[in-house]
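**Student:** Any chance you could fold what I've pasted below:
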Amino acid sequence: MPQDSPGRPPRLPGSRARFRLQVSDADQHWHRVSVFERIRRDVASGWKGLAASGAFHAVVLLVFAVIVYQIRSTRDLDPILVGWVPPGSLSSPGDAASERVPVQLWDLSRPASESAPKVAASAATGGTTEETGLAPTFIPLRGLLDGRDPTLRESAVQNDPKIAAAERAVEAGLSWLARHQLSDGRWQLHEGYPDAALSTLRTDSGATALALLAFLGAGQTHERGTHREAVDRGLKWLIGQQDPETGDLHDIRFDQGRYTTFYAHATGTLVLAEALAMTDDETLRAPLERAVSHLLNAQHPKFGGWRYRPMTPLMEADTSVTGLALVALHSARLAGVDVSLDDFARASGFLDRVQQDGGVRYRYQPSSNADAATSALTSQALLARLWMGWPADHPSLRRGAELLLESERQPDWTTGRRNVVAWLFVAEFLNQYDQTAFAEWFPKVRDLVVSQQASRGSADIRGSWHPTQPRGTVEEFADNAGRLYITCLCVLLLETPYRHVPSTIAR
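**Tutor:** Residues are numbered from 1 along each chain as shown. Predicted coordinates:
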């Protein structure tokens, strides 16, 4: 058999050729060198590569750290989570220690004096659920939006310089929004102005609905007001995004399940309902009815809540999306769209599952820890309770209001303390429930918000609020959602005294 010739590769293992391991004198010497000496020599000969490798991996770790920090979320680091029900929670009733007051809604087809339902006695009168014929304490939804007429606010603006300053701040905020509306009528979260949202947080229908809600809150509609053209273009764009079959208003169809999905749809539904209720423009009715239908079809079939996508029996809803959905449904009733009592009753059952301390505080989901009960969630849930039948003397409403007004929860525009989203919901609840408490609490937060508006600078920022100076709480979410988001929240907060007329049970 021929031998391997010089320059040819050796035969593969398994061939009949035999190889001998040749060990040089240098190799034999190396085996006698200690381990520490080998390491020293390796470092001396390869320190440049080691340093380059170390620097590269340090940069990679730093980039990952920045990404993880930027995508921090109130509840889910992964926004695609759909909320599967943990084992055993399907049969768990939650904390249902508070009295179960039947859900009874105001009949909007008749005058208030005729349509008042009888109420169940509250826990303060012994806890009985017998019909007592007590005077109604439910919010009369008729006229809830009447305070938005700008002419009704003129005297207050003229007589109180701080109220006048707040009105100027609202107008400056709306002007900023109008300047950043795109030519086709929409707004965007993620680009178009300084400090926009993270590029991964995209929902033009959500951004458009938020902006429109701010305009409507000041009495600006597509039929009247200095910004009627902006509102008209925005409404037409929003309706143009609606799925003609399902009624879904979320503009990114493949994004179902991310946290923007039903926030965008519920806010869009609320916008259509308010616009129809404020103008009686019947061209809005069909889109609103389709949007309401999609919202009701997405409700949890058994437990009554909502989350990021249409609920199935094995999914778990959350208080945040549920609270927004309920406001949208109540507003749809204002506009004359029928919503079944059963739909509200199921939603009330969901609130039973997330309540704590007998209905005083509310956590994010039934499976959440007790520390997941926040001011924003609690105020949303208490407002829902109020609008679904809890009477004014229900002890959980009073204790909940006292909790929200505790000193450690007072508004503070500093790093880690600012929480405009919570202040907005607290203001809405107090305005509806306790006018005395609202009159004492609201001016402080109003003046604080006004003082932080960008009053100078370029048109790109003048009239807006900065999302991260300072950086607020995780729950506020402004560091993710950006300048348009926080500006809309601040405008809506300043509009609170007239966005919804205070209820007849306010004291």
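
**Student:** mind listing the helices for the stretch 151-300 of the chain?
**Tutor:** 154-159, 161-179, 204-217, 228-240, 260-279, 285-297 (DSSP state H, counting those that start in this stretch).

**Student:** Helix 228-240 and the fifth one, what's the angle between them?
**Tutor:** Helix 260-279 and helix 228-240 are oriented at 130 degrees to each other (axes from the mean of the first three to the mean of the last three C-alpha atoms, to 10 degrees).

**Student:** how much does helix 260-279 deviate in direction from helix 204-217?
**Tutor:** Angle, helix 260-279 to helix 204-217, by the same axes, to 10 degrees: 30 degrees.

**Student:** Can you name every helix or strand that helix 260-279 contacts?
**Tutor:** helix 204-217, helix 228-240, helix 285-297, helix 319-334 (3 or more C-beta pairs under 8 Å, 6 or more residues apart in numbering; DSSP states H and E). Every C-beta, even on glycine, is put in place using the N, C-alpha and C of the backbone.

**Student:** tell me the most buried of those?
**Tutor:** Most buried of these by mean neighbour count (mean count of other C-beta atoms under 10 Å) is helix 204-217; its value is a mean of 26.

**Student:** Return the alpha-carbon coordinates of it using PDB.
**Tutor:** Taking Å, rounded to 0.1, in the frame of the first residue of the first chain, the C-alpha atoms of helix 204-217 are listed here in PDB:
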ATOM      1  CA  ASP A 204     -52.400  55.000  16.200                       C
ATOM      2  CA  SER A 205     -56.000  54.300  17.000                       C
ATOM      3  CA  GLY A 206     -55.200  54.400  20.700                       C
ATOM      4  CA  ALA A 207     -53.300  57.700  20.300                       C
ATOM      5  CA  THR A 208     -56.100  59.200  18.300                       C
ATOM      6  CA  ALA A 209     -58.700  58.100  20.700                       C
ATOM      7  CA  LEU A 210     -56.800  59.600  23.600                       C
ATOM      8  CA  ALA A 211     -56.400  62.900  21.800                       C
ATOM      9  CA  LEU A 212     -60.100  63.000  20.800                       C
ATOM     10  CA  LEU A 213     -61.100  62.300  24.400                       C
ATOM     11  CA  ALA A 214     -59.200  65.400  25.500                       C
ATOM     12  CA  PHE A 215     -60.900  67.600  22.900                       C
ATOM     13  CA  LEU A 216     -64.400  66.200  23.800                       C
ATOM     14  CA  GLY A 217     -63.700  66.700  27.500                       C
END
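
**Student:** what about Ala437, neighbour count?
**Tutor:** Around Ala437 there are 18 other residues, counting by other C-beta atoms under 10 Å.

**Student:** Am I right that it is in a helix?
**Tutor:** Yes. Counting by DSSP: H, G, I helix; E, B strand; the rest coil, Ala437 is located in a helix.

**Student:** Can you tell me the closest non-neighbouring residue to it?
**Tutor:** Excluding the flanking residues, the one nearest Ala437 by C-beta to C-beta, 6 or more residues apart in numbering is Leu430, at 5.3 Å.

**Student:** just Arg148 next, same as before
**Tutor:** Spatially, and ignoring its direct neighbours in sequence, Arg148 is nearest to Gly219 (3.8 Å; C-beta to C-beta, 6+ apart).

**Student:** Double-check the one you found against Glu154; I have them as touching.
**Tutor:** No. Counting by C-beta atoms under 8 Å, Glu154 is not a contact partner of Gly219; they are 11.9 Å apart.

**Student:** Of the two, which one has the most company?
**Tutor:** Set side by side, Gly219 and Glu154 show more neighbours around Gly219, with 21 against 11, by other C-beta under 10 Å.

**Student:** Could you check how far that one is from Leu489?
**Tutor:** 19 Å (C-beta to C-beta, to the nearest Å).

**Student:** And for Gln158?
**Tutor:** Remark: distance between Gln158 and Leu489 (C-beta to C-beta) = 27 Å.

**Student:** cool, Leu424 as well?
**Tutor:** 6 Å.

**Student:** next one: Gly225
**Tutor:** For Gly225, the distance to Leu489 equals 21 Å [C-beta to C-beta].

**Student:** Settle it for me: which of those two has more neighbours?
**Tutor:** Set Gly225 next to Leu489 and count neighbours by other C-beta under 10 Å: Leu489 wins out with 23 against 18.

**Student:** Nearest residue to the more buried one in space, ignoring adjacent ones along the chain?
**Tutor:** The shortest distance from Leu489 to any non-neighbouring residue, by C-beta to C-beta, 6+ apart, is to Val420 (4.6 Å).

**Student:** Neighbours of that neighbour, how many?
**Tutor:** Using other C-beta under 10 Å, Val420 is surrounded by 29 other residues.

**Student:** For it, grab phi and psi.
**Tutor:** Here is the backbone geometry of Val420 (degrees, to the nearest 10): phi -60, psi -30.

**Student:** In PDB, list the C-alpha atoms belonging to stretch 266-280.
**Tutor:** Taking C-alpha atoms only, stretch 266-280 is exported to PDB below (Å, rounded to 0.1, in the frame of the first residue of the first chain):
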ATOM      1  CA  ALA A 266     -62.300  50.700  24.800                       C
ATOM      2  CA  THR A 267     -61.000  54.300  24.500                       C
ATOM      3  CA  GLY A 268     -62.200  54.500  20.900                       C
ATOM      4  CA  THR A 269     -65.600  53.200  22.000                       C
ATOM      5  CA  LEU A 270     -65.800  55.800  24.700                       C
ATOM      6  CA  VAL A 271     -64.900  58.600  22.100                       C
ATOM      7  CA  LEU A 272     -67.700  57.500  19.800                       C
ATOM      8  CA  ALA A 273     -70.200  57.300  22.600                       C
ATOM      9  CA  GLU A 274     -69.300  60.800  23.900                       C
ATOM     10  CA  ALA A 275     -69.300  62.300  20.400                       C
ATOM     11  CA  LEU A 276     -72.800  60.900  19.700                       C
ATOM     12  CA  ALA A 277     -74.200  61.900  23.100                       C
ATOM     13  CA  MET A 278     -72.800  65.400  22.700                       C
ATOM     14  CA  THR A 279     -74.000  66.000  19.100                       C
ATOM     15  CA  ASP A 280     -76.800  63.600  18.300                       C
END
